[in-house]
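K.L.:
here is the input, now give the coordinates:
(one chain, ligands or ions: 1)
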Amino acid sequence: MTAQVKTFLCRSDNIGVLIHDSETGACAAIDVPEAGPVLRALDETGWRLTDILVTHRHGDHIAGIPEVKEKTGARVTAPRKASGEIPGVDVAVGEGDTVSVGSLTAQVWETPGHCSDHITYWFEQAGIVCAGDTLFTLGCGRVLEGPPEVLWRSLQRFSALPDETQVFSGHDYVLSNGKFALAADPNNAALRARVAEAEQAKREGRFLIPSTLAHERRTNPFLRSESPELAQGVDLPAGTSAENVFVTLRSWKDRF
Ligand SMILES: [Zn+2]
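P.N.:
Numbering: from 1, shown residues only. Take a look at the predicted model:
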């Protein structure tokens with residue numbers, strides 16, 4: 001069982017992801033923001049698309065599905081809660097379901113907060129989590145279908161993953177997330193180093209996706225809201241619950 005992964009930019013800041021199972025030749029696209037870049041990535045790699053795994057119903061994650069499905073015949077797996085709003089769904093899934101891509105297996109988590117239908121694919125053996133618009137490098141999704149406590153509970157599940165887990169998120173918001181993270185957590189040396197790394201990557205035409213849980217636990221303010229520095233960063237007294245610090249951080253980020 002070996003997973004190979006390719007990431008690439010779609011639209012202006014969406015991230016396309018292909019996960020290839022070298023044992024069976026199966027290959028999954030995580031969302032299809034637009035068809036062109038996904039088809040080009042398949043051409044470049046020579047991988048044959050068998051599956052499309054949809055994280056949520058927003059247009060910038062599903063717009064390319066009809067064309068890519070027509071050209072590849074891929075099977076479309078999508079959140080049951082929004083399956084009527086996503087084109088070409090073959091398999092509707094929810095919490096506790098398992099999805100196979102060749103010999104690779106993912107557990108489905110329902111991770112609402114950004115929107116109510118959002119799901120995450122956790123490939124435990126491959127050490128890969130496809131977070132969509134829930135967890136970003138140095139940030140988290142906007143709360144469009146709240147309350148924010150719902151997103152907080154979803155993010156707790158990521159916090160429990162092993163250090164080396166690779167986090168694939170749906171957008172390259174790394175630099176703007178980094179600016180906010182530094183404002184909220186200015187004395188965090190690991191964060192300053194990570195932002196410098198992100199700036200260097202940008203200059204070289206790369207982005208810090210995937211990240212790892214080890215990096216995010218040390219640098220992502222939304223996974224660090226239990227630490228006293230973050231309470232201080234949002235002017236709340238020491239001892240404020242991590243959940244309340246998170247809610248305050250999230251609403252500050254909306255105005256940042
Ligand atoms: Zn979205």
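K.L.:
rest of the way, CA atoms for contacts and neighbours
P.N.:
Noted.
K.L.:
contacts only, for residue 29.
P.N.:
Taking CA atoms under 8 Å, 6 or more residues apart in numbering, we find residue 29 in contact with 16-19, 38, 49, 51-53.
K.L.:
what separation is there between residue 50 and residue 158?
P.N.:
27 Å (CA to CA, to the nearest Å).
K.L.:
have a look at those two and say which one is more surrounded.
P.N.:
Neighbour totals were compared for residue 50 and residue 158, and residue 158 leads with 22 against 19 (other CA atoms under 10 Å).
K.L.:
what about that one, which helix or strand?
P.N.:
helix 148-159 (DSSP states H and E).
K.L.:
can you give me the buried ones in that helix?
P.N.:
Neighbour-count burial for helix 148-159 flags 148, 150-152, 154-155, 158 (criterion: 16 or more other CA atoms under 10 Å).
K.L.:
what's the first helix or strand after it?
P.N.:
With DSSP H and E, the next secondary element past helix 148-159 is strand 166-169.
K.L.:
mind checking the pLDDT average for that following strand?
P.N.:
Average pLDDT, strand 166-169: 98.
K.L.:
with stretch 99-106 instead?
P.N.:
98.
K.L.:
from the rest of the structure, what touches whichever helix or strand residue 193 is part of?
P.N.:
Assigning secondary structure by DSSP H and E places residue 193 in helix 189-203. Contact with helix 189-203 is made by 174-175, 178, 181-182, 207-208, 218-220, as judged by CA under 8 Å, 6+ apart.
K.L.:
what about 6 Å?
P.N.:
Helix 189-203 has contacts (CA atoms under 6 Å, 6 or more residues apart in numbering) with 178, 207, 219.
K.L.:
just the buried positions in the helix or strand harbouring the first one, please.
P.N.:
Following DSSP H and E, one finds residue 178 within helix 174-184. Buried residues in helix 174-184, counted by 16+ other CA under 10 Å: 174-175, 177-178, 180-182, 184.
K.L.:
in TSV, list those residues along with pLDDT and distance to residue 84.
P.N.:
Output for these, formatted as TSV (pLDDT from 0 to 100; distance: CA to CA, whole Å):
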residue	pLDDT	distance to residue 84
174	97	32
175	97	35
177	98	32
178	98	36
180	98	36
181	98	37
182	98	40
184	97	39
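K.L.:
any idea how far residue 245 is from the closest residue to residue 207 other than its chain neighbours?
P.N.:
With sequence-adjacent residues excluded and distances taken as CA to CA, 6 or more residues apart in numbering, residue 207 is closest to residue 201, at 5.6 Å. According to CA to CA, residue 201 and residue 245 sit 30 Å apart.
K.L.:
neighbour-wise, which of these two wins?
P.N.:
Each of residue 201 and residue 245 has its neighbours counted (other CA under 10 Å); residue 245 has more, 26 against 13.
K.L.:
strands along this protein, start to end?
P.N.:
Secondary structure of the chain (DSSP state E): strands at 3-10, 14-21, 27-30, 51-53, 75-79, 91-93, 98-101, 104-110, 119-123, 128-132, 135-136, 139-140, 166-169, 211-212.
K.L.:
comparing those strands, which comes out most buried?
P.N.:
strand 135-136 (a mean of 28; mean count of other CA atoms under 10 Å).
K.L.:
okay, now the sheet partners of that strand, with direction.
P.N.:
Sheet pairing of strand 135-136 (DSSP bridges) gives strand 139-140 (antiparallel).
K.L.:
what's in contact with the helix holding residue 178?
P.N.:
Here helix 174-184 has contacts from 137-139, 195, 221, 233, using CA under 6 Å, 6+ apart.
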